[in-house]
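Trainee: Below: sequence and its predicted model.
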Amino acid sequence: MSHSFSELGLNEDLLQSLADLKLTVPTDIQTKTIPLILKDTKDVVALAQTGSGKTAAFGLPLLQHIDVENTSIQTLILAPTRELGQQIFANLTAFASHSSEISIASVCGGIPIKPQIERLKSPTHLVIATPGRLVDLVKRQAIDIQNVSTLVLDEADEMVSALKVDLDEIIKILPKSRRTLLFTATMPGAIKQLIQNYMSKHVVQVEAHMETKGHQGIDHQYIVVEPIEKLEILLHILKSKEGQRGIIFCKTKAAVNKLAKNLAINKFSSGAIHGSLTQGIRDRIMGQFREGYIDILVATDLAARGIDVKEVAYVINYHLPDTYEAYVHRSGRTARAGAKGMSITILQEEEVPDIADFEAELDIRFSELKKANAESIAENNALIWANKIFKTKPNREVSESFRNKIHTTFHHLTKDELIDKILAQYLLQNTAVSSKSEPYKKKKNK
């Protein structure tokens, strides 16, 4: 592996931008891919997990290849979601900070199309797009992609499943003489078919070493629960990770909504994203998560594509994903840029045999996380209840006379006495808890 980006053939402008970003040591996929894209003309298939630095792996050499004298669109980068498209745009803009003549545009769905049409009237060298929005722009004759010399398919494994119709339409328009660079975290059959149909027979395949694939640094765990206790166990896990940032994955939009509602009721700092929410809401929630205003993001698989947030300490699979590819993308949200992370999967007993299949297919190892005992769960429920009281906003509509009557009832009590009485009342009202509430009883000296 090269010791620095300066050994990979990048020009001084790009090296200066990397220095500004404090990026000095390339990852394995960057070391293998950057010289290949710079010096060769063959199609490339790169197998690299999220968090391995693949945006720089294709972005840096493509920026160097841009001919600023040529005002047509030379490079097209397709991403499956707007979130990922925005992330690529932000990264490439940063990489090109000392290459002011290079013009980059982002045309992704979920926002008004008219400003994008206006933007494309100016000379543009490189476009980042989601397939659906690009097809719309082509139909409106607002963009000309017939002179594109390089096509990049990022997270291609997602596009061939959910966006294949749009992708096929785009590829038919592009010149057959183009160069295609395909980046994927997994290699399902649909990707192999796409490579066969749309890429050169002499394609070069590149694969990052395991240490930069996204599994390194992730502690893969599973916990077995009964269906009735699933939410309680999740809340216990979340309480133990209070103050850390994490993502919880659900299979469906309905499950995301239901879980997000339960977290809100229990006063956890959380938000939810899925495909049925407006782009404005998704952007707002993602901004809150990225800036640290909320700690927990509940998401579906597709909505979470492109989430490149540092310091995600853990990922929780509230439902076991249907595919190995989905697990790779989920767990890849943590342990980014060399950090450590944890991926916890909550299972029912009949799902436990599936873990061996995931281990064999992905070459990873899971450890079993023991379920908290009844006493610990009871104590955690009480702590969550206390936190709900602490975070409840006062009701300002209560009349002053009524409030004074309540105040008179309690005013002889000290703070400690009031807390003891409230806790006792909680235990009386929660018979299921009080029957298991040894942690709340004073233990007699033996």
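Mentor: Structure received. In this text, all values refer to a predicted model and were calculated from it rather than measured experimentally.

Trainee: Reduced to three states, what does V152 come out as?
Mentor: strand (DSSP: H, G, I helix; E, B strand; the rest coil).

Trainee: which non-adjacent residue is nearest it?
Mentor: In this structure, V152 finds its nearest non-sequential neighbour in I77, 4.3 Å apart by Cβ to Cβ, 6 or more residues apart in numbering. C-beta: built from backbone N, CA, C; applies to glycine.

Trainee: if you average pLDDT over the helix ranked longest in the chain, what comes out?
Mentor: Ranked by residue count and defined by DSSP state H, the top helix of the chain is helix 374-391. The pLDDT scores in helix 374-391 average 88.

Trainee: mind listing the strands for the stretch 251-400 of the chain?
Mentor: With DSSP state E, counting those that start in this stretch as the criterion, the stretch 251-400 of the chain has strands at 270-273, 296-299, 312-317, 341-347, 366-368.

Trainee: Now tabulate the ones you listed in a markdown table and tack on mean neighbour count, mean pLDDT and distance to S72.
Mentor: Formatted as a markdown table, those follow (neighbours: other Cβ atoms under 10 Å; pLDDT from 0 to 100; distance: least, Cβ to Cβ, whole Å):
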| stretch | mean neighbour count | mean pLDDT | distance to S72 |
| --- | --- | --- | --- |
| strand 270-273 | 24 | 92 | 36 |
| strand 296-299 | 26 | 94 | 38 |
| strand 312-317 | 22 | 94 | 39 |
| strand 341-347 | 23 | 94 | 42 |
| strand 366-368 | 13 | 95 | 50 |
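
Trainee: so how far is the longest helix of the chain from its chain's centroid?
Mentor: Chain-centre distance of helix 374-391: 29 Å, with Cα atoms, centre = their mean, to the nearest Å.

Trainee: about what we covered before: surely the residue nearest to V152 is in a strand?
Mentor: Yes: assessed with three-state DSSP, I77 lies in a strand.

Trainee: any idea how far Q348 lies from L320?
Mentor: 9 Å (Cβ to Cβ, to the nearest Å).

Trainee: between the two, who's got more neighbours?
Mentor: Shown here are Q348 and L320; by other Cβ atoms under 10 Å, L320 has more neighbours (19 against 13).

Trainee: what ranges of the stretch 301-446 of the chain fall below the confidence cut-off?
Mentor: Low-confidence segments of the stretch 301-446 of the chain (pLDDT under 70): 303-308, 337-338, 431-446.

Trainee: Run through the helices of it in chain order.
Mentor: Assigned by DSSP state H, counting those that start in this stretch, the helices in the stretch 301-446 of the chain fall at 324-331, 354-362, 374-391, 400-410, 415-429, 431-434.

Trainee: Distance to G110 and mean neighbour count added to those helices, as TSV?
Mentor: Conversion of these to TSV gives the following (distance: least, Cβ to Cβ, whole Å; neighbours: other Cβ atoms under 10 Å):
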stretch	distance to G110	mean neighbour count
helix 324-331	20	22
helix 354-362	31	14
helix 374-391	32	16
helix 400-410	47	10
helix 415-429	45	12
helix 431-434	45	14
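
Trainee: Fine by me, we can end here.
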